[in-house]
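Visitor: next one to model:
(one chain, ligands or ions: 3)
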Amino acid sequence: MIKFVVDNKEIEVKKGTNLLKACLDNQIYIPNLCYMETLGTPPASCRLCFVEIEGQDRPVTSCNTEALNGMAVKTDTPSVRQLQRTAFELLMSIHDVDCAHCPANKKCALQQIARFLKIGLKPRRLPHTLKDPDIYEDHPFLDYHLNRCVLCGKCIHVCRTQNGQPLMAFAKRGFSTLISFFGKESLADLPCETCLACVRICPVSAITLKDNQDQTAKD
Ligand code: SF4
Ligand code: SF4
Ligand code: FES
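Guide: Ligands and ions are numbered 1, 2, ... in the order given. Got it, this is the predicted structure:
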């Protein structure tokens, strides 16, 4: 075990634990979207989970930084908040904010993070750019809402865990990045109808069951 201090609170965790998990396990919230405990190497792609470590020049992402004995960590400095707000605005600049018609409403990770950072959901400093078309409907069981997706990658990871290999992957780059679904020769080979791991894990309901599927399957 190692001991270190976060926001003046001493915490003790197993050696090898990353700072984000250490904090979350000790009721210290740090905004995060792409971290999953079961992912061996965190992608650190959402750039939300910044913290400051005493003695280091600049904030670091906590999901891929190991907690070390004697560290002094701060989660709520002005520079941490500034980085988090900028990362959040960037995410929201390609997000279609339409909570009233969204199945994620009230349980949405973006709403939680916006509340925590005391920031609106709609970006104010960046232009708002959406993809067109905004729904991919070619999958036999699922719909993919491109302008809801925050590209956290959780769906790919759970699909791989559940099915041995992922049936989806990131495609394209930059602003055009999206989730692409792999086809199978026969639709009957697709495990999606009974799996739905991606539907359950998605923090923003960007993957949903088609309207003609049994919506209760996801609850
Ligand atoms: S994903 Fe969240 S922020 Fe986006 S429209 Fe749905 S409820 Fe609103
Ligand atoms: S579909 Fe959902 S889980 Fe998958 S990358 Fe997009 S936001 Fe993340
Ligand atoms: S949770 Fe650390 S960068 Fe996304």
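Visitor: ok, residues contacting the longest helix along the chain?
Guide: Using DSSP state H, we find that the single longest helix of the chain is helix 78-92. Residues outside helix 78-92 that contact it (CB atoms under 8 Å, 6 or more residues apart in numbering) are 31, 33, 46-48, 50-52, 58-59, 74, 110, 113-114, 117, 119, 121-126, 150. Every residue, glycine included, has its C-beta placed from N, CA and C.
Visitor: packing partners for the next helix or strand along the chain from it?
Guide: Sequence-wise, the next helix or strand downstream of helix 78-92 (DSSP states H and E) is helix 109-117. Helix 109-117 sits against helix 78-92, with contacts defined as 3 or more CB pairs under 8 Å, 6 or more residues apart in numbering; DSSP states H and E.
Visitor: ok so, going back, close to ligand 2, is the longest helix of the chain?
Guide: No. Residues of helix 78-92 contacting ligand 2 under CB under 6 Å from any ligand atom: none, with a closest distance of 9.9 Å.
Visitor: quick one: is that helix near ligand 1?
Guide: No. Residues of helix 78-92 contacting ligand 1 under CB under 6 Å from any ligand atom: none, with a closest distance of 7.9 Å.
Visitor: quick check: buried residues in that helix?
Guide: Across helix 78-92, burial judged by 16 or more other CB atoms under 10 Å covers 80-81, 83-85, 87-89, 91-92.
Visitor: now the most centrally placed residue in the chain. Nearest residue, chain neighbours left out?
Guide: Taking CA atoms, centre = their mean, the centroid of the chain lies closest to Leu33, which sits 2.6 Å from it. Residue nearest to Leu33 in three dimensions, not counting chain neighbours: Cys46, with 4.0 Å by CB to CB, 6 or more residues apart in numbering.
Visitor: which parts of this protein are strands?
Guide: Taking DSSP state E, the strands of the chain run over residues 2-6, 9-13, 50-53, 60-61, 72-74, 135-136, 142-145, 168-171, 178-181, 207-209.
Visitor: now render the ones you listed as CSV, adding mean pLDDT.
Guide: As requested, these are exported to CSV (pLDDT from 0 to 100):
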stretch, mean pLDDT
strand 2-6, 97
strand 9-13, 97
strand 50-53, 98
strand 60-61, 98
strand 72-74, 98
strand 135-136, 94
strand 142-145, 95
strand 168-171, 94
strand 178-181, 93
strand 207-209, 96
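Visitor: would you turn these into CSV with mean neighbour count and distance to Leu39?
Guide: What follows is the strands of the chain, written out as CSV (neighbours: other CB atoms under 10 Å; distance: least, CB to CB, whole Å):
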stretch, mean neighbour count, distance to Leu39
strand 2-6, 17, 22
strand 9-13, 14, 18
strand 50-53, 22, 19
strand 60-61, 21, 14
strand 72-74, 18, 22
strand 135-136, 16, 24
strand 142-145, 21, 21
strand 168-171, 14, 14
strand 178-181, 18, 16
strand 207-209, 22, 18
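Visitor: quick check: which of the ones you listed is nearest to Thr161?
Guide: Closest approach to Thr161 among the strands of the chain (CB to CB): strand 168-171, 12.7 Å.
Visitor: just the buried residues of the contacts of helix 78-92.
Guide: 31, 33, 46-48, 50-52, 59, 74, 110, 113-114, 117, 119, 121, 123, 150.
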